[in-house]
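J.: The following comprises the amino acid sequence and a computationally predicted model.
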Amino acid sequence: MAASSKNKIGLWASTSLVVGNMIGAGVFLMPAAMASFGSVSLLGWVFSAIGSFFLAKMFSNLSKLLPEGTGGPYAYTRHGLGDFAGFLVAWGYYLATSCANAAITISFVSALSTFFPILATSTLAAVLTGLSAIWLLTWVGTRGIATSGNMQLATTILKLLPLFVIAIGGLFFIHFDNFHPFNSTNTSVFGAITATASMTMFSFIGIESATIPSGSVADPGKTIAKATMLGLLIATLVYVLGSVSVMGIIPPKILQHSVTPYADAAAFMFGPSARYWVSAGVAIAAFGALNGWVLVQGQVPFAIAKDKLFPAIFTRQNSKGAPYVGMIISSIIISLFMGMNYTKALVEQFRFLLLLSVFMMLIPYLFSAASYIIIRVEKKPLQSGGWLSAIVLGLLAFVYSLWEIAGAGQSSVYYGFILLMAAIPFYVWGAYKKKVG
């Protein structure tokens, strides 16, 4: 069932999907994580933003070449490299988002504990709150993409307010002495930049979000391209200006031990009570990111199932055009992963899965970059011109993705590869069913 025009999202909802999925609760902790490197860490943001620009531009161009490519990286990879590569991308992306959503839910519950202390002491209360958030947003998702899009737009605006207040307002409270020393590490400047860029690059994951539900986007050829680039611009401004302000307000020796750097900066600017509205911003950021990823998670298995590479049950849609079966199954997986974190014996396993999810999220970027060059030449032959810039963009996006994967760590790559290969029997079965059925 195709989505009707009233059940499609436009530019601002698509942009909020990109911004909302990129800016989660983790950004509120990033200045503290990078404080030990010195102000050189700000260049890490710049390098990550440049690399992410290549990815954003590539996904923008792909959305124009394949405007109806529901599933985003999966659709692009399948079109360029074939069914098997597309299946691997989709499988990895599906598992990665399930685990990431569990982590986002935990961040949401943690942020709420500022207002409801029982969530920090009662496992039962924390689990019930997390489950309530997951299934509330699953219900919202089943009401159609327009409803989820409106929710995403609202939560994105609310989460950006405290971030921009500190990012821009904080510039007037900066003490330039706090930016010294420039490089606090025992490595070279380039080594410090590489290390911080490896940390900050994960904040740009989600840049492809607008491409996932392309079949439910109004005028996808234009809307997705604009939303992706606009989303990158907004997120980059928040990241860079926010880090400059927080690092300029709080002395580095204090900042690196802070567990709430944005809240500490707000307290310095506006007084102790400001901590509460920053904590509210963290909760909204997590809630909004969860809403966006729940929406995405229903679209990916739907796209694979339509191509008969996943069980047909995932193609079922309700009267609102929402792939409700995939969303429900995905939310069950998220609920199980979240529960693992509150079971002491399984906490380490959960952290391991979270580490794996980072690698699995990067594979689609690598495959999409390789596919881009193929699709560009196929859709616009070399004789039409512009092929050199397309090849350069594809190579830059490919190299950057490869660098990101290297930054994910050896164990993540090793076990992630094993997990990808474990999906081969499912692909073989699906390919057989597709052939005989």
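T.: Sure thing, it's come through.
J.: tell me the SS of Phe116?
T.: Following DSSP: H, G, I helix; E, B strand; the rest coil, the label given to Phe116 is coil.
J.: What about it, how many residues nearby?
T.: 13 (other CB atoms under 10 Å). Bear in mind the C-beta positions are built from the backbone N, C-alpha and C, glycine included.
J.: switch to numbering from 34
T.: Let's use 34 as the start, then, which means that last one is Phe149.
J.: That one and Leu170, how far apart?
T.: Counting by CB to CB, to the nearest Å, the gap from Phe149 to Leu170 is 19 Å.
J.: now do Met91
T.: 29 Å.
J.: In terms of neighbours, single out the busier of these two.
T.: Each of Met91 and Leu170 has its neighbours counted (other CB under 10 Å); Met91 has more, 29 against 25.
J.: ok, the more buried one - contacts?
T.: Ser401, Ala402, Tyr405, Leu426, Gly427, Ala430 (CB atoms under 8 Å, 6 or more residues apart in numbering).
J.: List buried residues within those residues.
T.: Among the contacts of Met91, those classed as buried by 16 or more other CB atoms under 10 Å are Ser401, Ala402, Tyr405, Leu426, Gly427, Ala430.
J.: Could you look up the SS state of the fifth one?
T.: Yep, that's Gly427 we're talking about. Gly427 ends up helix, using three-state DSSP.
J.: For the residue lying closest to it once chain neighbours are set aside, grab phi and psi.
T.: Nearest non-adjacent residue to Gly427, counting by CB to CB, 6 or more residues apart in numbering: Ile406, 4.0 Å away. With angles defined as degrees, to the nearest 10, Ile406 sits at phi -60, psi -40.
J.: ok, Ile406 - how many residues close by?
T.: By the measure other CB under 10 Å, the count of residues near Ile406 is 20.
J.: swap in Tyr295?
T.: Look at Tyr295: counted by other CB under 10 Å, it has 30 neighbours.
J.: Kindly report the same for His290.
T.: For His290, the count of nearby residues is 10 (other CB under 10 Å).
J.: That one looks like it's in a helix, true?
T.: No: applying three-state DSSP, one finds His290 to be coil, outside a helix.
J.: show me what contacts it?
T.: Ala65.
J.: Against Arg176, how distant is it?
T.: 44 Å.
J.: Ok, Ala456 next?
T.: Noted for Ala456: a distance of 31 Å to Arg176, by CB to CB.
J.: What of Met360?
T.: As for Met360, its distance to Arg176 is 11 Å (criterion: CB to CB).
J.: The two - which one has more neighbours?
T.: Using other CB under 10 Å as the criterion, Met360 and Arg176 rank with Met360 on top: 26 against 16.
J.: The more buried one contacts Gln330, correct?
T.: Yes: counting by CB atoms under 8 Å, Gln330 is a contact partner of Met360 at 6.9 Å.
J.: show me what contacts Phe212?
T.: Applying CB under 8 Å, 6+ apart, we find Phe212 in contact with Gly71, Ser72, Met280, Gly281.
J.: same deal with Ala228?
T.: Phe70, Gly77, Thr218, Thr220.
J.: May I see the residues you listed organised as TSV, with neighbour count, pLDDT and distance to Cys132 added?
T.: Below are the contacts of Ala228 laid out as TSV (neighbours: other CB atoms under 10 Å; pLDDT from 0 to 100; distance: CB to CB, whole Å):
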residue	neighbour count	pLDDT	distance to Cys132
Phe70	24	88	28
Gly77	23	88	25
Thr218	16	82	31
Thr220	13	82	31
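J.: Tell me the buried residues in stretch 276-294?
T.: Quick answer for stretch 276-294 (16+ other CB under 10 Å): 276-283, 285, 288-289, 291, 293-294.
J.: now do the same end-to-end measure for it.
T.: End-to-end distance of stretch 276-294 (CA to CA, to the nearest Å): 10 Å.
J.: Mind checking the pLDDT average for that stretch?
T.: Averaging pLDDT along stretch 276-294 gives 87.
J.: Over to stretch 323-341?
T.: 84.
J.: tell me how far it is from the chain's mean position?
T.: What separates the centre of stretch 323-341 from the centre of its chain is 14 Å, taken as CA atoms, centre = their mean, to the nearest Å.
J.: next one: stretch 287-298
T.: Relative to its chain's centre, stretch 287-298 lies at 24 Å (CA atoms, centre = their mean).
J.: hang on, Phe459 packs against Ala123?
T.: No: using CB under 8 Å, Phe459 is not in contact with Ala123, being 10.8 Å away.
J.: who has more neighbours, those two?
T.: Ala123 (28 against 14).
J.: re earlier: in helices only, show me the buried residues of stretch 276-294.
T.: Members of these lying in helices (criterion: DSSP state H): Ser276, Val277, Ser278, Val279, Met280, Gly281, Ile282, Pro285, Leu288, Pro294.
J.: mind putting the residues you listed in CSV, distance to Thr156 included?
T.: Formatted as CSV, these follow (distance: CB to CB, whole Å):
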residue, distance to Thr156
Ser276, 34
Val277, 39
Ser278, 36
Val279, 32
Met280, 36
Gly281, 39
Ile282, 36
Pro285, 36
Leu288, 31
Pro294, 27
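J.: Return the member of the residues you listed nearest to Asn134.
T.: Pro294 (24.4 Å; CB to CB).
J.: Okay, the closest one and Ser276: tell me how far apart.
T.: Taking CB to CB, one finds Pro294 at 9 Å from Ser276.
J.: Please enumerate the shared neighbours of the two.
T.: The contact lists of Pro294 and Ser276 share Met63, Pro64, where a contact means CB under 8 Å, 6+ apart.
J.: got a list of what the closest residue to Pro397 other than its chain neighbours touches?
T.: Using CB to CB, 6+ apart and skipping residues adjacent in sequence, the residue nearest Pro397 is Pro106, 3.4 Å away. Listed by CB under 8 Å, 6+ apart, the contact set of Pro106 reads Val122, Tyr126, Glu241, Thr244, Pro397, Tyr398, Phe400, Ser401.
J.: Let's see that with 7 Å instead.
T.: Val122, Tyr126, Glu241, Pro397, Phe400, Ser401 (CB atoms under 7 Å, 6 or more residues apart in numbering).
J.: CA atoms only for stretch 368-376 - export them in PDB, please.
T.: These are the backbone C-alpha positions of stretch 368-376, laid out as PDB (Å, rounded to 0.1, in the frame of the first residue of the first chain):
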ATOM      1  CA  SER A 368      12.900  -4.000  24.700                       C
ATOM      2  CA  LEU A 369      15.000  -7.200  25.100                       C
ATOM      3  CA  PHE A 370      18.200  -5.300  24.500                       C
ATOM      4  CA  MET A 371      17.200  -2.600  27.000                       C
ATOM      5  CA  GLY A 372      16.400  -5.200  29.600                       C
ATOM      6  CA  MET A 373      19.900  -6.600  29.300                       C
ATOM      7  CA  ASN A 374      21.400  -3.400  30.600                       C
ATOM      8  CA  TYR A 375      19.300  -3.700  33.800                       C
ATOM      9  CA  THR A 376      20.400  -7.300  34.400                       C
END
